[in-house]
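Novice: Quick check, what structure comes out for this input:
(3 chains)
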Amino acid sequence: MTDDIRLCRTFQTAPAAVPKDDSAKYLVSALEAEGFQAPDWLVPDMEDGTAPNMKAEGLENTIEKVPEYDFPGEIWPRVEWSYEDAEYREKGRDQIDQLVAEIGDEIDGVVVPKVGRLEDVERAAEVVAEAESEYGYEDGSIGLSIIIETGRARSDLREIAKFGEDSRLTGLVFGPVDYAAELGGRDLGDGMPRWDGLLEALSNEASAAGLVSIGGPFDDLFKERAGLTFYNADDYADQVEHEAQLGLDGSWSLYPKQTLQANTVHMPTPEELERDVSKIERFNAAKAEGTGAVTLDGQMVDEATFKNFRNTVQQVRAIHEMRPGQTEEYYDEDLLERTLDLELSYE
Amino acid sequence: MTDDIRLCRTFQTAPAAVPKDDSAKYLVSALEAEGFQAPDWLVPDMEDGTAPNMKAEGLENTIEKVPEYDFPGEIWPRVEWSYEDAEYREKGRDQIDQLVAEIGDEIDGVVVPKVGRLEDVERAAEVVAEAESEYGYEDGSIGLSIIIETGRARSDLREIAKFGEDSRLTGLVFGPVDYAAELGGRDLGDGMPRWDGLLEALSNEASAAGLVSIGGPFDDLFKERAGLTFYNADDYADQVEHEAQLGLDGSWSLYPKQTLQANTVHMPTPEELERDVSKIERFNAAKAEGTGAVTLDGQMVDEATFKNFRNTVQQVRAIHEMRPGQTEEYYDEDLLERTLDLELSYE
Amino acid sequence: MTDDIRLCRTFQTAPAAVPKDDSAKYLVSALEAEGFQAPDWLVPDMEDGTAPNMKAEGLENTIEKVPEYDFPGEIWPRVEWSYEDAEYREKGRDQIDQLVAEIGDEIDGVVVPKVGRLEDVERAAEVVAEAESEYGYEDGSIGLSIIIETGRARSDLREIAKFGEDSRLTGLVFGPVDYAAELGGRDLGDGMPRWDGLLEALSNEASAAGLVSIGGPFDDLFKERAGLTFYNADDYADQVEHEAQLGLDGSWSLYPKQTLQANTVHMPTPEELERDVSKIERFNAAKAEGTGAVTLDGQMVDEATFKNFRNTVQQVRAIHEMRPGQTEEYYDEDLLERTLDLELSYE
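Specialist: Predicted structure coming up:
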């Protein structure tokens, strides 16, 4: 049942071009990342992460570097777009066209930012469809993920997600900086709002439509205390854990250490895995003995409870398929073996 | 104006059959409950509360036991169903058919779990309509309440509630365990999310459509401290109070002590009742003296404020109608008398 | 770009008639308010703020007093209305008719309370359109703002706001007292809920549709401690700051000191203004030097970040246009000068 899971614990954006001697430095470093620093989705960023005068170079870097690596995760370049500016949509159209033309079989889809209402998302999907058809790719083979970062997209979130039920739309990603600017949100000392209503709706609508939901970037990468500047591990982990609790599938990463943390949080702990594997094993054993209700640790196991255990196992199987190095490092051999062997049917 | 209130402070599920000598033990005990342990709605549960191999016996128990008692509250059996599984819908159809055939005049409606989008709720309503017509009951006499526990039902909540404006749909009940499993929510040490956005929407949509809204079950029935295991009264009360604050009409109970607590919380305290009865009495007296604005305790009483006082009185009247023993126990005789006598018109 | 901002930091209701020797006392005092006590929108209140037997006098006061002052802000009388009561709608129709007939060129629009679903809002808009046409005003010249205070209006909030995209609908204002009464919300000791989901949706839908969003009234005007009764400055400021953080455009005021506070909170602090003006100045200087990405304080300035700085400057410009006394008092001369001179284009 691994098919049920579209794995995206980490949505790591890497600037497609930076003003350094090697302008593809960060892109290449993400393509080469190993262990827990390797993201599930790598997003070569030609939008806000790349300077206006380096967009063309970013596109070239992406087209040149991505095919050089046998990246085990998914590749989702982010192009330019704006629901309120035709010029940006034209740029996005050109970037999508070139990406599909040159590396259409290397990418899983494109990420389109700053979409507006449903009609604008449909327009973006149509641009992908045209490139796909132009270069002979099968219908639906190039996905579309979007950044939810405008009042209009939030307003139409339900309708947009429903459009995703039978279209190339794959992922819904939160973009809090643009979103706060659109709404006029203000930091009066306690930071910006967390937008709890939006996050809950994102998790729900993505689940209802079978889409992937991903939290927004966290850019206070470093903090300073007592003279020392250090990586802000705590605050990022808090955000990622909050997203995991709400049922978001993954978190946005801007940095290898963030990828390591988000990969870890969106992965069952060894204790969770042991607990749920053991519950399913005992459930299966009890079922084999008779037809009655199965009670574990004093609680009757109904189908809803069972589904919670199964989620854990399926997530680990999906990770193992994409990144076996991570599962082998994180779980002991015996537990991993049991996870892969388990029978997962409730009936 | 008691007609305005559809009383459901407590939605108590009781397993319709359990693996004991007397398989109807819990059902009978709920039917016989007295005082504050008697629920407003009793839900003989043939779904997750009854083991797969005892479903038939649960249905028989319900059909046999319910007519033996003159239960003062409402009876709402929960049947099987699933928006994603035709087999469960077929089981639900058979259960509904038999319930209506055998005890159609003893039940107020049926509770259908795991509904999906609006179309699925309409499908469930149609099944009830068919049974109703088949056995000669008046159109709309058998109600439908649903458990909101899928991403799809949450996504369509507004449309589902609007369908309830002029249909047999009566109650919207939250089902957090299935819901968390659908969304992939995780307990990372602080418990599952409380789903504040959903609860607020549930209260709102139910109010807008004239439906009853009910919170989800709380299953940490017992806790242990210093070697003693005891009923977890505090945490359940916290949940019920939060639901009451948001305007939910009632709470889910799994246990007589929970019923006692939820009945109590969803009932105005004697202080609240005294305060609001007295405000209306003074308002009525002031109105009788002249046509001017009425000011009480320094605040002008506008219609919005008045409505808040009236809510309190109407709720007590509805409880008194269904469970006079509870109002007579809880309020002193004089206060109750004044509550029942009050003129409630603002104009 | 000041055109983008429809300024409404403060929505101050003043009873149109009170039972005093001078029944227009509070209305006149609001019309004469100076400095930070002068609201952006003044709302002569003929609804819940004026006693039933003084409605006619309130209308007369409004028609007589408003033209006597050259009020620099906007004038928005609140009339009677109810989605569930035709009699109130008839009263509202008469009040709107007379206001437009007598002072149609002095008012910016009317505030209609207790609206229900979209159809009811359209009905209110039609009433305004009829008066406008009857008395020869240009189509759309008389605005409509509504109080969101029923379950139905909250349920249809998205559709209502979309109706506002190309209609006279201008502002969405929260009304928590009626709202709590409709939903049956209860104060069990911790106060009423803050309705976070509603507030977040209000901010979003207003932004998506280009409308103004305003928080609800706060009526614990005074508190008592150690024998002294004093103005409750802290709790009101907390509410207003929360609203500002969420991106609401303004707050409801019932009292001159509340107006002073809400005007202040919804205005960038001198530090915010200095910071954002300086960022834009440095951005502009860097752009003038080359075509590369602009990095300020170690962060690349993308369009989203830039929009946040620009919001600050545009808000101050809009305030300066309506209330130059406030900006001149609050900011030092040099900073204000720089704010007004700045070039605001990202490209």
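
Novice: Let me know how buried the residue in chain A positioned nearest to chain C is, in neighbour terms.
Specialist: Nearest residue of chain A to chain C: A:A51, at 2.8 Å (CB to the nearest CB). Backbone N, C-alpha and C define where each C-beta goes, glycine included. For A:A51, the neighbour count with other CB atoms under 10 Å in any protein chain shown is 21.

Novice: I'd guessed it sits against A:K20; true?
Specialist: No. Contact criterion CB atoms under 8 Å: A:A51 and A:K20 do not qualify, at 11.6 Å.

Novice: contact partners of the worst-scoring helix or strand of chain A on mean pLDDT?
Specialist: Between all helices and strands in chain A, the lowest mean by mean pLDDT, DSSP states H and E belongs to strand A:299-300, at a mean of 72. For strand A:299-300, contacts defined as CB atoms under 8 Å, 6 or more residues apart in numbering or on different chains pick out A:A293, A:V294, A:T305, B:G49, B:A51, B:D219.

Novice: and of those residues, the nearest to A:V127?
Specialist: Ranked by distance to A:V127 (CB to CB), the contacts of strand A:299-300 are led by A:T305 at 44.3 Å.

Novice: Quick check, A:E34 in contact with A:G325.
Specialist: Yes. In this structure, A:E34 is within contact of A:G325 by CB under 8 Å, at 7.4 Å.

Novice: residues touching A:A17, list them.
Specialist: So A:A17 contacts A:S23, A:A24, A:L27, A:T50, A:A51, A:M54, A:K55, A:E57, A:G58, A:E60, A:N61 (CB under 8 Å, 6+ apart).

Novice: Name the member of these with the most neighbours.
Specialist: Compared across those, A:T50 has the highest neighbour count, 31 neighbours, by other CB under 10 Å.

Novice: what's the pLDDT at it?
Specialist: Per-residue pLDDT puts A:T50 at 91.

Novice: The closest residue to it other than its chain neighbours sits in which helix or strand?
Specialist: Using CB to CB, 6 or more residues apart in numbering or on different chains and skipping residues adjacent in sequence, the residue nearest A:T50 is A:G58, 4.2 Å away. Assigned by DSSP states H and E, A:G58 falls within helix A:55-65.

Novice: Just list what that helix packs against, helices and strands only.
Specialist: helix A:25-31, strand A:41-45, helix A:86-103 (3 or more CB pairs under 8 Å, 6 or more residues apart in numbering or on different chains; DSSP states H and E).

Novice: Need the winner for burial among those.
Specialist: With neighbours defined as mean count of other CB atoms under 10 Å in any protein chain shown, the helices and strands packed on helix A:55-65 peak in mean count at strand A:41-45, which reaches a mean of 28.

Novice: what packs against that strand?
Specialist: strand A:10-15, helix A:25-31, helix A:55-65, strand A:74-75.

Novice: Quick check, A:G140 in contact with A:D166.
Specialist: No. With contact defined as CB under 8 Å, A:G140 does not reach A:D166; the gap is 9.6 Å.

Novice: Those two - which one has more neighbours?
Specialist: Ranked by neighbour count (other CB under 10 Å), A:G140 and A:D166 place A:G140 first, with 13 against 10.

Novice: coming back round to it: from A:D94, how far off is the residue nearest to A:T50?
Specialist: 13 Å (CB to CB, to the nearest Å).

Novice: which residues do these two both contact?
Specialist: By CB under 8 Å, 6+ apart, no residue touches both A:G58 and A:D94.

Novice: What segments of the stretch 151-300 of chain A are helices?
Specialist: Remark: helices assigned in the stretch 151-300 of chain A by DSSP state H, counting those that start in this stretch are A:151-155, A:157-163, A:176-183, A:196-209, A:233-245, A:256-265, A:270-289.

Novice: Now mean neighbour count too, for those, in CSV please.
Specialist: Below are those laid out as CSV (neighbours: other CB atoms under 10 Å in any protein chain shown):
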stretch, mean neighbour count
helix A:151-155, 26
helix A:157-163, 21
helix A:176-183, 24
helix A:196-209, 24
helix A:233-245, 19
helix A:256-265, 23
helix A:270-289, 16
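
Novice: Reformat the ones you listed as TSV; add mean pLDDT and distance to C:A125.
Specialist: Putting the helices of the stretch 151-300 of chain A into TSV (pLDDT from 0 to 100; distance: least, CB to CB, whole Å) gives the following:
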stretch	mean pLDDT	distance to C:A125
helix A:151-155	98	20
helix A:157-163	98	24
helix A:176-183	93	25
helix A:196-209	98	27
helix A:233-245	97	41
helix A:256-265	98	48
helix A:270-289	92	54
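
Novice: Enumerate the residues of chain A near chain B.
Specialist: Proximity of chain A to chain B, by CB under 8 Å from any CB of the partner chain, involves residues A:158, A:161-162, A:196-197, A:200-201, A:203-209, A:241, A:244-247, A:249, A:265, A:291-293, A:299-300, A:302-305, A:307-308, A:311.

Novice: quick one: A:S29 and A:P256, what's the gap?
Specialist: Taking CB to CB, one finds A:S29 at 8 Å from A:P256.

Novice: A:A208 too?
Specialist: 33 Å.

Novice: Same question for A:E34.
Specialist: Distance from A:E34 to A:P256, by CB to CB: 10 Å.

Novice: ditto for A:D21
Specialist: On the measure of CB to CB, A:D21 and A:P256 end up 20 Å apart.

Novice: Just to be sure, A:G136 is in a strand?
Specialist: No. Using DSSP: H, G, I helix; E, B strand; the rest coil, the assignment for A:G136 is coil, not a strand.

Novice: who does the least confident helix or strand of chain A pair up with?
Specialist: In the sheet, strand A:299-300 lines up against strand A:295-296 (antiparallel) (DSSP bridges).

Novice: now the strand it pairs with: how far from the chain's centre is it?
Specialist: 35 Å (CA atoms, centre = their mean, to the nearest Å).

Novice: And for stretch A:233-240?
Specialist: 17 Å.

Novice: need the contact list for A:R323.
Specialist: Taking CB under 8 Å, 6+ apart as the criterion, A:R323 is in contact with A:A38, A:D40, A:P72, A:G73, A:N263.

Novice: And the pLDDT at it?
Specialist: A:R323 is given a pLDDT of 95.

Novice: If we ignore the residues flanking it in sequence, what's nearest A:I63?
Specialist: A:E102 (4.5 Å).

Novice: And chain A, what are its domain boundaries?
Specialist: With automatic domain parsing as the criterion, the domains of chain A are listed as A:2-265, A:270-341.

Novice: ok, of those domains, where does mean pLDDT dip lowest?
Specialist: domain A:270-341 (a mean of 89).

Novice: What's the end-to-end length of that domain?
Specialist: End-to-end span of domain A:270-341 (CA to CA, to the nearest Å): 16 Å.

Novice: And stretch A:327-342, by the same measure?
Specialist: First-to-last residue span, stretch A:327-342, CA to CA: 16 Å.

Novice: tell me which residues in it are buried?
Specialist: For stretch A:327-342, a neighbour-count test (16 or more other CB atoms under 10 Å in any protein chain shown) marks A:T327, A:Y330, A:Y331, A:L335, A:L336, A:R338, A:T339, A:L342 as buried.

Novice: Likewise for stretch A:4-14?
Specialist: For stretch A:4-14, using 16+ other CB under 10 Å, the buried residues are A:I5, A:R6, A:L7, A:C8, A:R9, A:T10, A:F11, A:Q12, A:T13, A:A14.
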